[in-house]
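Engineer: Show me how the following folds:
(2 chains)
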2 protein chains.
Amino acid sequence: MDKLYVIKIGGNIIDDEAKLSSFLQSFAAIKEKKILVHGGGKMATRLAEAMGIQQQIVEGRRITDAETLKIVTMVYAGFINKNIVAQLQANHCNAIGLSGADGNVILAHKRISALDYGFVGDIDLVNTTVLDTLLQIIDAVVLAPITHDGKGQLLNTNADTIAQEVAKAMFQSYDVNLIYSFEKSGVLLDADDDTTVIGQINPSSYQRLKSEGKIFAGMIPKLDNSFAALNSGVKKVIIGKAEELNGLIEGTKGTTINNQL
Amino acid sequence: MDKLYVIKIGGNIIDDEAKLSSFLQSFAAIKEKKILVHGGGKMATRLAEAMGIQQQIVEGRRITDAETLKIVTMVYAGFINKNIVAQLQANHCNAIGLSGADGNVILAHKRISALDYGFVGDIDLVNTTVLDTLLQIIDAVVLAPITHDGKGQLLNTNADTIAQEVAKAMFQSYDVNLIYSFEKSGVLLDADDDTTVIGQINPSSYQRLKSEGKIFAGMIPKLDNSFAALNSGVKKVIIGKAEELNGLIEGTKGTTINNQL
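Structural biologist: Numbering: from 1, shown residues only, chains lettered A, B, ... in the order given. Sure thing, here's the model as predicted:
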């Protein structure tokens, strides 16, 4: 089976022109098939401020009202997605940038919960046929964190979850490697010390580290998602620094999550 | 040869939610292969105003400075393109929305002229291979009027020109029908009277009408482009009202431009 890299790039890297450019150079150089999922960065917040649109934060979560949806659609699916694609083209990587509405690649529904998140999507389906065909004819697919409900409504959707669901959906056609790249060197024993990377985490060490309070709270959803992905057929999950993408792929950098007990 | 419709939709329709929705319903119902090219509408101008960005107009033409390029990328390739795609999906038309950077479908260069237009692109190449393959696997391609130079630079590009160049490029694989749809019923003898549609225009009647001053100045570039497209192998060019798309396709509405003397 062909190898497929599904790589999520975090918002902090997107906000840093030099880091993003260097990351995209490394990404373009990957010889295997590849899907890049990007987050948002601070541009959406800055644009909302410039336009005088109040951000609603409830219980620490940003609510996507109609005006915010407009902004994230413009910034994520427009500005960020197209600039990433243009830069990849400049690096001789023929990329195609999509939202989940394009080719119906990611179908979602508006989140149902006690707290009204607004226009936030929970994923129902990843259309592997379209993604697969695109990967046959071009070098990379770049996914913006915007999905749709099939009834004309666009929805703001978590980029980590998109990466995870796409990786899970593609495992039947590819050996999928899922990489979460961000500003830290990996899962750290000391969140403030970038040299304390945990090289390998398996289910038992994860339980132990969690019970000892050694896993930074913000990392727990990423790790839970990683194990869920492995349980669904994804071959390998790696978490690490965007600037070290080559090392993450070679297995010399970052944290590798594996499912062996 | 299969028929291919390349349909340009003007900005005035995009600004009108009800008209756009009805247009997209008709577009989705077209059974043949189809490419939709959309213009911008007033949203970009409104957004620039909301953000306090001065629009530079020189000799009647909007200059695309760096800030304006950001805005048109967000609005055209983000908001408008993705909302059109989501609405087409709701009408059971599996559409994929692209800028010219995606799949390298439209390569352009920054316009060279005495007047510095800023980040405005003149088209060098339409990548028919990618468009053709996409049309095999999905129902429609939706093109935003943003191209790239292959070196990482996005460029603002006239949507009429994109429609024309795409139509011209695709003529070897398809019987191409190019439709310019906008707010008027066609080419009019009296610009203020929508009942004075000229049903057919050929090169000799065009010369006569122009010399008699009967062609509204704003229509001349569209007609010149139409004849250029016909000379390059496009089968038929039709100009007419977006709300009458069915009639334009059936040949019962609008102005048909043909090349017979």
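
Engineer: Just the closest residue of chain A to chain B, please.
Structural biologist: Here chain A gets closest to chain B at one residue, A:G78, 2.0 Å apart by CB to the nearest CB. For glycine as for every other residue, the C-beta is placed from the backbone atoms N, C-alpha and C.

Engineer: List the residues that contact the nearest residue to that residue once chain neighbours are set aside.
Structural biologist: Ranked by CB to CB, 6 or more residues apart in numbering or on different chains and with sequence neighbours excluded, the top spatial neighbour of A:G78 is B:G78, at 2.0 Å. Applying CB atoms under 8 Å, 6 or more residues apart in numbering or on different chains to B:G78 gives the contacts A:T73, A:M74, A:V75, A:Y76, A:A77, A:G78, A:F79, A:N81, A:K82.

Engineer: now do 7 Å
Structural biologist: Residues in contact with B:G78, defined by CB atoms under 7 Å, 6 or more residues apart in numbering or on different chains, are A:T73, A:M74, A:A77, A:G78, A:F79.

Engineer: Please apply the same query to A:N156.
Structural biologist: When the contact criterion is CB under 7 Å, 6+ apart, the partners of A:N156 are A:T64, A:L69, A:V72, A:F119, A:V120, A:G121, A:P145, A:I146.

Engineer: contacting residues for A:I96?
Structural biologist: Applying CB under 7 Å, 6+ apart, we find A:I96 in contact with A:L134, A:I138, A:V141, B:D102, B:G103.

Engineer: which one of those sits closest to A:A44?
Structural biologist: Comparing the contacts of A:I96 against A:A44 with CB to CB places B:D102 closest, at 21.2 Å.

Engineer: who's in contact with the closest one?
Structural biologist: Taking CB under 7 Å, 6+ apart as the test, what B:D102 contacts is A:V85, A:I96, A:G97.

Engineer: how about A:M219, phi and psi?
Structural biologist: phi -90, psi -20 (degrees, to the nearest 10).

Engineer: Can you report how many residues neighbour the residue nearest to A:A140 when sequence neighbours are not counted?
Structural biologist: What sits nearest to A:A140 in space, not counting adjacent residues and going by CB to CB, 6+ apart, is A:A95, at 4.2 Å. Neighbouring residues of A:A95 were enumerated by other CB atoms under 10 Å in any protein chain shown; the total is 28.

Engineer: Not counting sequence-adjacent ones, nearest residue to A:L188?
Structural biologist: A:T196 (4.9 Å).

Engineer: phi, psi of the one you found?
Structural biologist: Listed backbone geometry of A:T196 is phi -100, psi 40, with angles given as degrees, to the nearest 10.

Engineer: quick one on the thing from earlier: columns distance to B:I179, pLDDT and secondary structure on top of the contacts of A:I96, output as JSON lines?
Structural biologist: As requested, these are exported to JSON lines (distance: CB to CB, whole Å; pLDDT from 0 to 100; DSSP: H, G, I helix; E, B strand; the rest coil):
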{"residue": "A:L134", "distance to B:I179": "27", "pLDDT": "96", "secondary structure": "helix"}
{"residue": "A:I138", "distance to B:I179": "28", "pLDDT": "96", "secondary structure": "coil"}
{"residue": "A:V141", "distance to B:I179": "30", "pLDDT": "98", "secondary structure": "strand"}
{"residue": "B:D102", "distance to B:I179": "23", "pLDDT": "98", "secondary structure": "helix"}
{"residue": "B:G103", "distance to B:I179": "23", "pLDDT": "98", "secondary structure": "helix"}
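
Engineer: Out of those, who's the most crowded?
Structural biologist: Within these, B:D102 tops the neighbour count with 33 neighbours, counted by other CB under 10 Å.

Engineer: partners of the closest residue to that one other than its chain neighbours in the sheet?
Structural biologist: In space, B:D102 comes closest to A:I96 once its chain neighbours are excluded; the distance is 4.5 Å by CB to CB, 6+ apart. Counting by DSSP bridges, A:I96 forms beta bridges with A:V141.

Engineer: filter the contacts of A:N156 by proximity to chain B?
Structural biologist: Near chain B, judged by CB under 7 Å from any CB of the partner chain, the entries from the contacts of A:N156 are A:I146.

Engineer: got the residues of the stretch 151-261 of chain A near chain B?
Structural biologist: Counting by CB under 7 Å from any CB, the residues of the stretch 151-261 of chain A close to chain B are A:K151, A:G152, A:Q153, A:L154.

Engineer: Among the residues you listed, the buried ones, what's the ChimeraX command?
Structural biologist: Buried residues among those (16 or more other CB atoms under 10 Å in any protein chain shown), as a ChimeraX selection:
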select /A:152,153,154
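
Engineer: is it possible to export the residues of the stretch 151-261 of chain A next to chain B to JSON lines including pLDDT, secondary structure and distance to A:I112?
Structural biologist: JSON lines is the format used below for those (pLDDT from 0 to 100; DSSP: H, G, I helix; E, B strand; the rest coil; distance: CB to CB, whole Å):
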{"residue": "A:K151", "pLDDT": "98", "secondary structure": "coil", "distance to A:I112": "15"}
{"residue": "A:G152", "pLDDT": "98", "secondary structure": "coil", "distance to A:I112": "19"}
{"residue": "A:Q153", "pLDDT": "98", "secondary structure": "coil", "distance to A:I112": "14"}
{"residue": "A:L154", "pLDDT": "98", "secondary structure": "strand", "distance to A:I112": "17"}
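
Engineer: Can you add distance to B:I249 and give the residues of the stretch 151-261 of chain A next to chain B back as a markdown table?
Structural biologist: A markdown table is the format used below for those (distance: CB to CB, whole Å):
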| residue | distance to B:I249 |
| --- | --- |
| A:K151 | 26 |
| A:G152 | 23 |
| A:Q153 | 28 |
| A:L154 | 28 |
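
Engineer: Just the buried residues of stretch A:104-114, please?
Structural biologist: Neighbour counts over stretch A:104-114 (16+ other CB under 10 Å) mark A:N104, A:V105, A:I106, A:L107, A:A108, A:H109, A:K110, A:R111 as buried.
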